[in-house]
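>>> following is a predicted model, sequence given first.
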Amino acid sequence: MRKPQSKWHWAIWLLDGIRQGQPLGALLGYRFERRLQETGNPQFISFFRELAPLVARKLEQTDEPVEEIAANNVVDGLRLHSLWQQTQADPLQKAQKEQEFFSKLPQVTPANRQEARVELMALNDAIDAVSDALMAESIYQAVRGNPLRAAATVESIAGGETPPPELEVVRTPRTGIALTHRIVALFSGDPHLPAEWVRPRFPFRADSEPHLNAWIAKLLGNPAKVRCVVERLDPGSGKVAETKVLRLNQLRLAPLDYIYAVEGGQEAEIEQRILFTIMRQPDGFPPGSLLRVNAGSKVEGKTNELSYGEFNEVLRTARKLIGGARGIDAGDLDLPEQSASFSVNVEELGKRASGAEQQLRRMPGAFKAQMAKPDTADLDGLRDLILHSAAFGVAGAVPLSAVGTSLADRQVLLAQAGSIHKEIAERVSQLTALATGFKADLATPEERRDYALARLRIVFGRGFLVLPRFTATNAAELEKALGDSAKLQGGDVLASATWFQRMARVRDGVARLNATLIYSDALNTGEELNLTIAQIPYDRDDRWAGLPLDAGKRLPGGKLSLAVQSTAPVDVRQPLAGLLVDEWVEVVPSATETTGIALQYDQPNAAPPQTILIAVPPDVDTPWTIWSLQKVLLEALDLARIRAVDPDALDEAGHFLPALTFASNISGDTVSTDFSRIR
């Protein structure tokens, strides 16, 4: 254990030990015994342990049984200090009491007696150091207006009632320049779905969020290149009896359907869809087959194709990215303190919400029609209706019976349809309740936007991410800033990529985007890391805040660093949509700091400070300077001199008024206070 070198170091060392669960008495005892060992007096240790044993504080306060006793293999430094102080209380009997105290020590000599006395006196210095530290902390917290922190005392620490405070008084506040960093994926104009993604059978999610759907398509790649191996197992032996292959595009799902597919249960929704689809093919497996999807089956000889397991890993990273992002508006492309005017296209957003709501409201009637006559219900129509419900994010909406018209098939499908019908009906009821009292003609644009978003999240679930379309209120400035991206990075267009990779190690949002783009780049899906950097407010001579500062240059404050991910060109003057991947505020420390210094001096043992001056800055918005602190001290001395009066002028009141008394000697042959010379 490293030995502290000063009283202040002793205070910090002792307080750190207390915070780790060690009693103050044990820490002082450890320090005392160690010093006895170092000075060659270990024979005294057993005596001091018997004189001041370390026991649980509970034992001192009650006669009840003690549940836990503190370790007694070290002397109680606090109790030993108290016993030693009793010998120092009366100056007239000090020598006699010390003689009596040391006479009990075994094998005592004048030399080691003096060494033991030095260590006993050092106990006082250690306790005095803790007292000084807590006194400084209490005054610091009192000035800051935090009385709870100011109430900490050595006694409460020694007893273990409260943990010792962190010494904030010794911390120099760090100043710096605050910068806001935002990473967004931005899209302009109309969305374009890659050609390999055909229109899905149930396009409700894709139509309700087309921009995100098109971007996810580029992240996931071509579904026709995902090879899903389905194995039929022999019920008796459990061995693979037959294998068939299904391409993922045969599921006819939208990219967003993969993102929001339910993962819970014995089988994930996508795996259930794979088994359902292959069972319904003309050359599929017979009804009742024991099937499984082999996620680990490798694709031999074709490097541009994926197994289902590999695709599932790509999908997992994309899910995490979308789950941790949110939609943006014009305010996210400007400074945080700027109040951007509302520019969301509420009409377009409302149309999307209305279209999705209409599709959902048709579902209860369709279910009722199918289940009205359970004995004659069209089972294929019922299966289609159940799959229809899965497009709204209803859990368990893949038919449990893929083929067949037996009584067992009918019963399981009707039971499944009844459960799904209740879920759909509940969502329709929520939409009706939401619409109650909402007057579109009286609502503000913000209220109409929130109403449309709420409707979409009822239809598709609370986790459904919606990207409203908006126009940038600072389009002219943003266009210039994005156009100067290379110049802003000092001519090195790869500087942003280096910065992005470093941020991915410490920022969760950036890490999610990085992992997704790594997979997309490896699969050559058309989406890769392509950052355009803008800095707002725009200045053509700016240097990007993500780069090291030039020698002798300072970073201007109040900047927004905007990193835009987009492989396609972004026209900020067109309608925009986007999602916020990550955002944080970074404080760049100042090159210099104004600090304080505390000077220690020897004072009478265990004596409290006689005078405390609490200084308050004249201007709360201006930090302390040496000049302002000097002025406060001089003013305090001037006020003390002005208020000083002769005791004779107080008459009898002088016995009762609290005051300071200073010795005055005109001849100057003894101690005296002359206020005229204090400067």
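Thanks, I have the structure now.

>>> tell me the contacts of Gly509?
For Gly509, the contacting residues are Ile183, Gly324, Ala325, Val581, Asp582, Glu583, taking Cβ atoms under 8 Å, 6 or more residues apart in numbering as the criterion. The way it works is simple: take the backbone N, C-alpha and C, and place the C-beta from them, glycine included.

>>> and Leu186, helix, strand or coil?
Secondary structure assignment for Leu186 (DSSP: H, G, I helix; E, B strand; the rest coil): strand.

>>> what about it, how many residues nearby?
Applying other Cβ atoms under 10 Å, we find 22 other residues in the vicinity of Leu186.

>>> I'd say it and Ser566 touch.
Yes - with contact defined as Cβ atoms under 8 Å, Leu186 counts as touching Ser566 (5.3 Å).

>>> can you list the contacts of Gly509 in a markdown table and add neighbour count, distance to Gln281 and secondary structure?
Output for the contacts of Gly509, formatted as a markdown table (neighbours: other Cβ atoms under 10 Å; distance: Cβ to Cβ, whole Å; DSSP: H, G, I helix; E, B strand; the rest coil):
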| residue | neighbour count | distance to Gln281 | secondary structure |
| --- | --- | --- | --- |
| Ile183 | 23 | 44 | strand |
| Gly324 | 16 | 38 | coil |
| Ala325 | 22 | 37 | coil |
| Val581 | 23 | 40 | strand |
| Asp582 | 20 | 44 | strand |
| Glu583 | 16 | 47 | strand |
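
>>> closest to Asp542 out of those residues?
Distances from those to Asp542 were compared by Cβ to Cβ; the smallest belongs to Ile183, at 18.7 Å.

>>> checking Glu196 next. Helix, strand or coil?
coil.

>>> hmm, Lys218 and it touching each other?
No - counting by Cβ under 8 Å, Glu196 stays clear of Lys218, with 10.4 Å between them.

>>> between those two, which contacts overlap?
Here Glu196 and Lys218 have no joint contacts, going by Cβ under 8 Å, 6+ apart.

>>> how about low-confidence regions in the stretch 551-679 of the chain?
596-610, 647, 652-662, 675-679 (pLDDT under 70).

>>> in it, which spans are helices?
Counting by DSSP state H, counting those that start in this stretch, the stretch 551-679 of the chain has helices at residues 626-643.

>>> quick one: the strands in it?
Taking DSSP state E, counting those that start in this stretch, the strands of the stretch 551-679 of the chain run over residues 559-565, 576-589.

>>> please work out which of these is packed deepest.
Per-stretch averages of neighbours, counted by mean count of other Cβ atoms under 10 Å, single out strand 559-565 among the strands of the stretch 551-679 of the chain, with a mean of 22.

>>> what strands flank that one, and is each parallel or antiparallel?
When pairs are called by DSSP bridges, strand 559-565 turns out to pair with strand 176-188 (parallel), strand 531-536 (antiparallel).

>>> tell me what angle that strand forms with strand 576-589.
Between strand 559-565 and strand 576-589, the angle comes out at 140 degrees (axes from the mean of the first three to the mean of the last three Cα atoms, to 10 degrees).

>>> okay, Glu196 and Lys218: which has more neighbours?
Summary of the neighbour comparison: Glu196 and Lys218, criterion other Cβ under 10 Å, with Lys218 having more neighbours (19 against 13).

>>> ok, that one touching His192?
No - if you go by Cβ under 8 Å, Lys218 and His192 don't touch, sitting 9.6 Å apart.

>>> remind me which helix or strand Asp384 belongs to.
Mapping Asp384 onto the secondary structure by DSSP states H and E places it in helix 379-390.

>>> so which elements touch that helix?
Using 3 or more Cβ pairs under 8 Å, 6 or more residues apart in numbering; DSSP states H and E as the contact criterion, the neighbours of helix 379-390 among helices and strands are helix 346-371, helix 407-435.

>>> contacts for it?
Identification of contacts with helix 379-390 by Cβ under 8 Å, 6+ apart yields 201-202, 257, 269, 363, 366-367, 370-371, 397-399, 401-402, 404-405, 409-410, 413-414, 416-417, 420, 423-424.

>>> that older thread, so which of the helices and strands packed on helix 379-390 gets nearest Ser131?
With distances scored as Cβ to Cβ, the stretch of the helices and strands packed on helix 379-390 nearest to Ser131 is helix 407-435 (63.5 Å).

>>> run the chain-centre distance for that closest one.
40 Å (Cα atoms, centre = their mean, to the nearest Å).

>>> in TSV, list the strands of the stretch 551-679 of the chain along with distance to Pro336.
TSV is the format used below for the strands of the stretch 551-679 of the chain (distance: least, Cβ to Cβ, whole Å):
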stretch	distance to Pro336
strand 559-565	7
strand 576-589	9
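
>>> Asp550: which of these is closest?
Proximity of the strands of the stretch 551-679 of the chain to Asp550 was assessed by Cβ to Cβ; the nearest stretch is strand 576-589, lying at 13.7 Å.

>>> dump that closest one to PDB, keeping only the CA atoms.
Extracted as PDB, the C-alpha positions of strand 576-589 are listed here (Å, rounded to 0.1, in the frame of the first residue of the first chain):
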ATOM      1  CA  LEU A 576     -36.600  15.400 -47.000                       C
ATOM      2  CA  ALA A 577     -37.000  12.400 -44.700                       C
ATOM      3  CA  GLY A 578     -34.500  10.900 -42.400                       C
ATOM      4  CA  LEU A 579     -33.600   9.200 -39.200                       C
ATOM      5  CA  LEU A 580     -31.400  10.200 -36.400                       C
ATOM      6  CA  VAL A 581     -28.800   7.500 -35.700                       C
ATOM      7  CA  ASP A 582     -26.900   9.200 -32.800                       C
ATOM      8  CA  GLU A 583     -26.500  12.500 -31.100                       C
ATOM      9  CA  TRP A 584     -24.200  13.700 -28.400                       C
ATOM     10  CA  VAL A 585     -22.700  16.900 -26.900                       C
ATOM     11  CA  GLU A 586     -19.000  17.000 -26.700                       C
ATOM     12  CA  VAL A 587     -17.100  19.500 -24.500                       C
ATOM     13  CA  VAL A 588     -13.600  20.400 -25.800                       C
ATOM     14  CA  PRO A 589     -11.600  21.300 -22.800                       C
END
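
>>> can you tell me the closest non-neighbouring residue to Leu576?
Once its chain neighbours are removed from consideration, Leu576 has its nearest residue in Ser188; the separation is 5.4 Å (Cβ to Cβ, 6 or more residues apart in numbering).

>>> share the number of residues neighbouring that neighbour, please.
Using other Cβ under 10 Å, Ser188 is surrounded by 19 other residues.

>>> begin at 575 from here
With 575 as the first residue, the last one maps to Ser762.

>>> quick check: it vs Val1144, distance?
Counting by Cβ to Cβ, to the nearest Å, the separation of Ser762 from Val1144 is 5 Å.

>>> report the set of residues contacting both of those two.
Overlap of the contact sets of Ser762 and Val1144 (by Cβ under 8 Å, 6+ apart) consists of Leu1150.

>>> tally of neighbours for Gln985?
For Gln985, the neighbour count with other Cβ under 10 Å is 12.

>>> let me fix that: Phe916
Summarising burial for Phe916: neighbours were counted as other Cβ under 10 Å, giving 15.

>>> now do the contacts for it.
Going by Cβ under 8 Å, 6+ apart, Phe916 touches Ala904, Pro1019, Glu1020.

>>> mind giving me the PyMOL select for those residues, buried ones only?
The buried residues among the contacts of Phe916 can be selected in PyMOL (16 or more other Cβ atoms under 10 Å) with this line:
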select buried, resi 904
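
>>> now, which of the contacts of Phe916 lie within helices?
Using DSSP state H, Pro1019, Glu1020 are the members of the contacts of Phe916 that sit in helices.

>>> check contacts around Ser1202.
Ser1202 makes contact with Pro1191, Pro1192, Thr1196, according to Cβ under 8 Å, 6+ apart.

>>> sorry, that was for Ala707
With the criterion set at Cβ under 8 Å, 6+ apart, Ala707 makes contact with Trp582, Ala585, Ile586, Leu589, Leu741, Val743.
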